[in-house]
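[1] Sequence first, predicted coordinates after that:
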Amino acid sequence: MQGTAIPDFEPVAERLGEFVAADPSFAGTLSVHHHGQSVLDLSWGPGTRPDELLPVFSSSKGAAGIVVACLVRDGLLDLDAPVASLWPEFGARGKGAIPMRQLLSHQAGLIGVDGGYTYAELYGHAPLAARLAEQRPHWAPGSAHAYHALTIGVLADEIVLRATGERLGDYLRAHVTGPRGLDVYLGTPETEEGRVASVELPTAEELAAFTDPAPASPKGSLGWLALPDDHPNMLVECNAERFRRAGTPAGGGLANGRGLSALYASIHHEIGGLDRLLDEETVGLMSQQQVWGRELTSPFSSAFAVIFQKPTERLPFGSYRAFGHDGAGGSLAYCDPHFDVSFGYTVHRIPLPGGADERALQLSRDVRRCCVAADGGTPRAVW
Amino acid sequence: MQGTAIPDFEPVAERLGEFVAADPSFAGTLSVHHHGQSVLDLSWGPGTRPDELLPVFSSSKGAAGIVVACLVRDGLLDLDAPVASLWPEFGARGKGAIPMRQLLSHQAGLIGVDGGYTYAELYGHAPLAARLAEQRPHWAPGSAHAYHALTIGVLADEIVLRATGERLGDYLRAHVTGPRGLDVYLGTPETEEGRVASVELPTAEELAAFTDPAPASPKGSLGWLALPDDHPNMLVECNAERFRRAGTPAGGGLANGRGLSALYASIHHEIGGLDRLLDEETVGLMSQQQVWGRELTSPFSSAFAVIFQKPTERLPFGSYRAFGHDGAGGSLAYCDPHFDVSFGYTVHRIPLPGGADERALQLSRDVRRCCVAADGGTPRAVW
Amino acid sequence: MQGTAIPDFEPVAERLGEFVAADPSFAGTLSVHHHGQSVLDLSWGPGTRPDELLPVFSSSKGAAGIVVACLVRDGLLDLDAPVASLWPEFGARGKGAIPMRQLLSHQAGLIGVDGGYTYAELYGHAPLAARLAEQRPHWAPGSAHAYHALTIGVLADEIVLRATGERLGDYLRAHVTGPRGLDVYLGTPETEEGRVASVELPTAEELAAFTDPAPASPKGSLGWLALPDDHPNMLVECNAERFRRAGTPAGGGLANGRGLSALYASIHHEIGGLDRLLDEETVGLMSQQQVWGRELTSPFSSAFAVIFQKPTERLPFGSYRAFGHDGAGGSLAYCDPHFDVSFGYTVHRIPLPGGADERALQLSRDVRRCCVAADGGTPRAVW
């Protein structure tokens, strides 16, 4: 384990040390900002380096959400406006009235396209965006929600393109991460190849021993629509160069804990010498929970703000004001304004089932306790 | 077992043979159309004939849905328009803004009328329609859904009457089933009495051994409102001549598997020498899921398109594009555009609890596997 | 046990006698009106008197709901109008379009205020009302519901103040309870101190033995926002004089069974020589279920009309037309138009967990059976 932790946050480093001791294959990065200051920045395990770039799957959506927030801040995107007001083709097949906030919180029923789609269409962006614009919603918009695992990125990307003339990943780099020097990429340039770390897939033994609480969706089901219909699956695809280059905003980002925590910290604080990214009004609009409850395509409940996840019983990553996103590879990154803290965590080996694992959530609890103690409160009374 | 099955669909006939062998009292009809062709047409069990007419309870709603679809196709009914625009009296007591799609998907809170209603009012149509128009919704429209077991037929009937001047059952016969020679009746004429088969009720032993997962609703509860308040109950009533004659659109239809499968096949295909009934746009509008989740009046979840049921975990009858309806007597009939298949199944003995039984759902799975194999795919990978 | 029960309702008194025999510490009051007549009026247990005044916690909300109903009746409050039309400051932070009926059924996401609030702000009314007006909804209005344990009273109070110039508790006394001589106070005057009974808190032993199915919300959670952030908690606070004086409409009322039952009876019947309080149209508007299902902040389901609770599986206090409210101290009071009955029950010792206990619900069932028998029906067939 290498890196730093200020004394107030040493309990988090200690907990991490326990996890490292218990699992020699455990490798990753963790970074925390409190009141805009880096209070913990660690990397550990075989083959890690603090500035490595690892695929973070759906934690990419956090970066996408921050780009959308910038457009809201600048008045380029009104969350209550119909999507079709920016993207006229989108209005086809009963979608003329769908507001931005509904589309961007997994409620509009555009989880995929009839007949399925390919990686080529996903990476090419325009082909899939055009098909989504033509698609009839898979359910009456607003009557249900289900995780648009990849399409939400394509939809947000097209909205950003229409509003700014820039693709979402380019906007991120040009206006958010680039000037601040943050390691979060939606579309990782070839120049960064030397820092790329590989996602370690579950072993055959692990897979054999694993009973998925939400089994894979059969062909012809809604769940099946959500992912590309051609092999390989994304857990294999994620280590491919074309995956990194395309940087599809819903799942193709590369990052490290330091970059993710600093990105979320930059929302409220000066980072890299630049002013805070967003005002309170914009944060309030973007982080307000839009939908909650059981998903149509899974046995689980979830909660979403605009693009961002909100904490739930299954994913208790913070206060009612927190917003962020986990990733299928085990990552977790968020901002929690109630504690004025941000958190970035990445891990090399994919946990089963995917998403932030119990270690990430325990570290997140420890962080909140440290925040309260650092601010003079009584940590035990908090969580 | 008599009838035909083309080689690609023989596995379905084999499964049915197993069911017949396991239960000597099992009697019914099953018909399947694939790509618009009859690929399987069977009847079996004591006292059956392929052209028998059996009460199919809520599978009647499928025929009602197809009539509504014809009106949508012809521009006579706009699903987004207020019901009151066609039926002004309906606007009473806060119902002025309820759109067609909400009323026709069990969401408007008109499960019955305060004080209960009688079979005479149901069969007479106009008396119950008038009381429903006067009724305050039992919940804020759109805030919940619960199966309008019988009233949805009366509501749809009145809408069809207002839009076309014809009663729903008459429209069905004049414009849909009559010209195509299909055995699905909402209001079975006296001339067909010779073909009528009787529903076989559960025995006293079966009823004694049965623990209903959703016990009967007590008087004064919402569930109690849904059914006529005077005896006998509908499972007894269904064999009465007045029941057949009235043909209440939500539950009073008579049909056989052949008629039901052909009716759903006629949506996309030439049947009986007549052009397909509906265009893709209309199918898309009518089959889009409108509501989903736990019902207010039962411990179960359900999903509805406009009148039609959508597949759920409890009733997994097909792909996300499938639409149809089961019946309390055990019947199941649907169209699944993803597999380009339609399915009609009727059974003489009422299963406990009611609705499509496991046999129907297993046959439905087998049919999908056969569709995929017939189209050159790998059936095991599908369901 | 003292008081009266007419013969038709003696079974209820017998049941109560069993409860009293089983628990010597059981003390409280129960009153029932049927067809507007007092049919049962009892008090029992150590230290009770029939005209005692006991804190009834959230059963206070029933009185608040009746005041709101009076404004609806008089056209001073339109449930479909935006709250901001009466209370312009409320329109801040995306709340301009929230209709009255949504706010008053726990759906608008104003469970508290960021940072928490104090008893002083709650009792002062204006400070908390102003902060609520400034608050961004904790979720997209209408996307979820969760019990606004105390704020719903402040919100209703401000609406009544804006519509009438009177505070809600003053309106209640001046126009509803005062003229009829009913013992229900939101703001109990000093003159009534002699009749005040104390809520008996759970003993340390009871608390130690108790596992809460819905554990207390941690700081920073939505559930934590709902209650005042400064000690003591309300179960202790409820016996304080300032609590009685303030009479916060969501939980600070004092009453007895007689007063509560007569208050609900006065909705449809002449009580205290004055005409019935509300017409059927108003009762229909106020008692229509507005929201239903699992709450965002608890593992439980609930159902609400405008302010009033509706019966659910967890709280089965009557027919689909019933409306009322239980209280954390164990009280239960409601009106059930289907049986033309009203019910008021108070109890000295707080049950664990809070809310109407099984005894109250059993008595409520017995009352319905007696109503049916009294009206010539067959009680066993009913519930």
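    Happy to help now that I have it.

[2] what secondary structure does residue A:345 sit in?
    Three-state call for residue A:345 (DSSP: H, G, I helix; E, B strand; the rest coil): strand.

[3] wait, what's in contact with it?
    A:28-31, A:257, A:260, A:331-333, A:356, A:360, A:363-364 (C-beta atoms under 8 Å, 6 or more residues apart in numbering or on different chains). All C-beta atoms are positioned from the backbone trio N, CA, C, and that covers glycine.

[4] Try it again at 7 Å.
    A:28, A:30, A:257, A:331, A:332, A:333, A:360, A:363 (C-beta atoms under 7 Å, 6 or more residues apart in numbering or on different chains).

[5] Which one of those residues is nearest to residue A:98?
    Nearest to residue A:98 out of the contacts of residue A:345 is residue A:333 (C-beta to C-beta; 28.0 Å).

[6] Just give me how far the top helix by length along chain A sits from the chain centre.
    As assigned by DSSP state H, the longest helix anywhere in chain A is helix A:358-374. Centroid separation for helix A:358-374 versus its chain: 19 Å, with C-alpha atoms, centre = their mean, to the nearest Å.

[7] sorry, back to before: among the contacts of residue A:345, which ones are in strands?
    Those of those mapping onto strands are A:28, A:30, A:332, A:333, per DSSP state E.

[8] so what's the first one bridging to?
    If I follow you right, that is residue A:28. residue A:44, residue A:347 (DSSP bridges).

[9] Next: the third one.
    Legend: beta-bridge partners of residue A:332 under DSSP bridges are residue A:326, residue A:345.

[10] quick one, what contacts residue A:186?
    Contact analysis of residue A:186 by C-beta under 7 Å, 6+ apart lists A:60, A:63, A:64, A:168, A:169, A:172, A:247, A:249, A:252, A:253.

[11] and chain B, which of those residues reach it?
    Filtering those for proximity to chain B by C-beta under 7 Å from any C-beta of the partner chain leaves nothing.

[12] Report whether residue A:75 is found in a strand, as I expect.
    No. Residue A:75 sits outside any strand when classified using three-state DSSP, being coil.

[13] how far away is it from chain B?
    Going from residue A:75 to chain B by C-beta to the nearest C-beta, to the nearest Å gives 31 Å.

[14] quick one on the thing from earlier: can you name the two of the contacts of residue A:186 that are farthest apart?
    Farthest pair in the contacts of residue A:186, by C-beta to C-beta: A:172 and A:252, 12.1 Å.

[15] just the helices in the stretch 1-150 of chain A please.
    A:10-22, A:60-73, A:83-86, A:100-103, A:119-124, A:126-134 (DSSP state H, counting those that start in this stretch).

[16] Sorry, wrong one. I was asking about the stretch 201-350 of chain A.
    According to DSSP H, counting those that start in this stretch, the helices that the stretch 201-350 of chain A contains are A:204-209, A:222-225, A:234-237, A:241-246, A:257-265, A:280-287.

[17] just how off-centre is the second one within its chain?
    Meaning helix A:222-225. Distance of helix A:222-225 from its chain centroid, counting by C-alpha atoms, centre = their mean, is 21 Å.

[18] Give me the residues contacting that helix.
    Residues outside helix A:222-225 that contact it (C-beta under 7 Å, 6+ apart): A:111, A:112, A:116, A:138, A:146, A:217, A:218, A:296, A:297, B:320.

[19] Out of these, show me where the pLDDT dips lowest.
    Of all those, residue A:217 carries the smallest pLDDT score, 70.

[20] Could you report the distance from that residue to chain C?
    Relative to chain C, and taking C-beta to the nearest C-beta, residue A:217 is found at 25 Å.

[21] Return the residues in contact with that residue.
    Contact analysis of residue A:217 by C-beta under 7 Å, 6+ apart lists A:223, A:224, A:297.

[22] Surely residue A:83 touches residue A:102?
    No. Using C-beta atoms under 7 Å, residue A:83 is not in contact with residue A:102, being 8.5 Å away.

[23] what about these two, which has more around it?
    Shown here are residue A:83 and residue A:102; by other C-beta atoms under 10 Å in any protein chain shown, residue A:83 has more neighbours (27 against 23).
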